[in-house]
Each structure stands twice: as C-alpha cells, then as structure tokens.
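Engineer: Whatever this is, show me its structure:
(2 chains)
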Amino acid sequence: DVKVTQSSRYLVKRTGEKVFLECVQDMDHENMFWYRQDPGLGLRLIYFSYDVKMKEKGDIPEGYSVSREKKERFSLILESASTNQTSMYLCASGPGERAFFGQGTRLTVV
Amino acid sequence: AQSVSQHNHHVILSEAASLELGCNYSYGGTVNLFWYVQYPGQHLQLLLKYFSGDPLVKGIKGFEAEFIKSKFSFNLRKPSVQWSDTAEYFCAASPRAGGSYIPTFGRGTSLIVHP
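Structural biologist: Numbers count the residues shown, from 1 in each chain, chains lettered A, B, ... in the order given. From the prediction side, this is the model:
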C-alpha cells in the first residue's frame, strides 16, 4: 500500500512562529502536493512539486513556502504563522494519474 | 483557470435511498475526472476515476459516475445508500499542465445517511 505520512496529526502554534509541516511518501512518486481543507471551501492547492528542488505555486501560496530536497519528502513552511492559517493541511503524492493523501495535520494558530 | 463545482453541499438521506451528487467542471481541453471520499476521521481515498473510454465508470462500494462531455459533468450515483456511506465526497479534475498532474477539487458534499 502507498503510504503518505504527515509528521503531526495536531499542532498548536503561536502567531508569528515559523512552522514546518513535513510529509514523506514511500512510493517514489514524482508529484507531491500541499492542500489546505476548510469547511465549505473544499481543498485548495497551496504548492506542488513535480521533481526534487522543483516547486510551483498553487491557488493560495501567500504566506507559505515549500522545500523538496529529496524525492520522498515535501515540506510546507509557514514563515510567520497567523490565525487565518488555522486549518487542516493535507499532503498528497501521485505517479501522474491520481493522488494519494496523508492523514492531514490540523494546525491551530493562537 | 479550471474549476470544479459541486452543487449539493449537504445531503441527508435514509438508508436504501438513491444518491446522485452533481459535479461540473470548467476546462476547454481534455481532463481526467475523479471522485474522492473522506470518511469521518480518515484520509481521502479514491472512489473512482475517468480518463477515457466508457463514460460510465464503476467504482468501489457500489458507486458509479457518468461522464457527459456535452454537459461538462461527472455525477456520482449509488442506487441504494448505506449508513456507512456517511462521508464527505469531493469531485476533482486534472488537465495536464506542463507535464504535471494537478488536481483541482470541488468544495465537497457532506452526505449523512440515517439508519
């Protein structure tokens, strides 16, 4: 089975903190994605990567950055967390025709 | 920019009722279409997908979806729902862009099935 693992299920951070969300996949997928999921808004794409060190902005990249130094790992960085970034964050990876999702990280910024 | 619309945000049904969830996409080119499901407390899982061929696609757990190109639609159906189908359902579309696969999701439909 494909496994996409997000390092934390729940996180609570303070406003202004730098936050790292880590995601690891074990299937050698080229494509990796970060989404945020909010009630009534569905999944919105923050960033994606189709190769090591390659990244592209999604629909809502403001306030976020990403890092992909190794193929299996895709990190989402909140440079200075704000309360409007309180959300569920979903990482996904895929071989090019579908996506496999992690369990999600529920981030609360206080 | 591509977009995906799901018309039903909340659906409440009794067991054995029939289900149809609407999904429309806007994109001028060829798209791959998907339905994902998220059961309470679980991660998103693929329910079914359409790339080409027969426009009626069968998925897991008795679900099916029909691609109607002229209507830009990919509606999800199940003839008789069960309590265990209670979940959130997401329609997604992905054209190929720069050689990458980038799915765009709808806002989701929350389905509650009463026993």
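
Engineer: what's the spacing between the residue nearest in space to the middle of chain A and residue B:114?
Structural biologist: Per CA atoms, centre = their mean, the C-alpha nearest to the average position across chain A is that of residue A:34, at 3.2 Å. Between residue A:34 and residue B:114 the computed distance is 36 Å (CB to CB, to the nearest Å). All C-beta spots, glycine's among them, are computed from the backbone N, C-alpha and C.

Engineer: Could you show which parts of chain A are in contact with chain B?
Structural biologist: Taking CB under 8 Å from any CB of the partner chain as the test, the list of chain A residues beside chain B reads A:4, A:31, A:33, A:35, A:40-45, A:48, A:50, A:56, A:58, A:90, A:92, A:94, A:96-99, A:101-104.

Engineer: in chain A, which strand has the most residues?
Structural biologist: In chain A, taking DSSP state E as the definition, the longest strand is strand A:42-51.

Engineer: Sheet-wise, list the partners of that one with their directions.
Structural biologist: Take DSSP bridges as the rule and strand A:42-51 pairs in its sheet with strand A:31-38 (antiparallel), strand A:54-57 (antiparallel).

Engineer: residue nearest the centroid of chain B?
Structural biologist: Taking CA atoms, centre = their mean, the centroid of chain B lies closest to residue B:35, which sits 3.2 Å from it.

Engineer: is that one in a bridge, and if so with what?
Structural biologist: residue B:48, residue B:91.

Engineer: and it, what does it touch?
Structural biologist: For residue B:35, the contacting residues are B:23, B:46-49, B:59, B:63, B:65, B:74, B:76, B:89-92, by CB atoms under 8 Å, 6 or more residues apart in numbering or on different chains.

Engineer: which of the strands paired with strand A:42-51 is buried the deepest?
Structural biologist: Most buried of these by mean neighbour count (mean count of other CB atoms under 10 Å in any protein chain shown) is strand A:31-38; its value is a mean of 23.

Engineer: Give me the average confidence score over that strand.
Structural biologist: The average pLDDT for strand A:31-38 rounds to 95.

Engineer: do the same with stretch A:49-66
Structural biologist: Stretch A:49-66 comes out at a mean pLDDT of 93.
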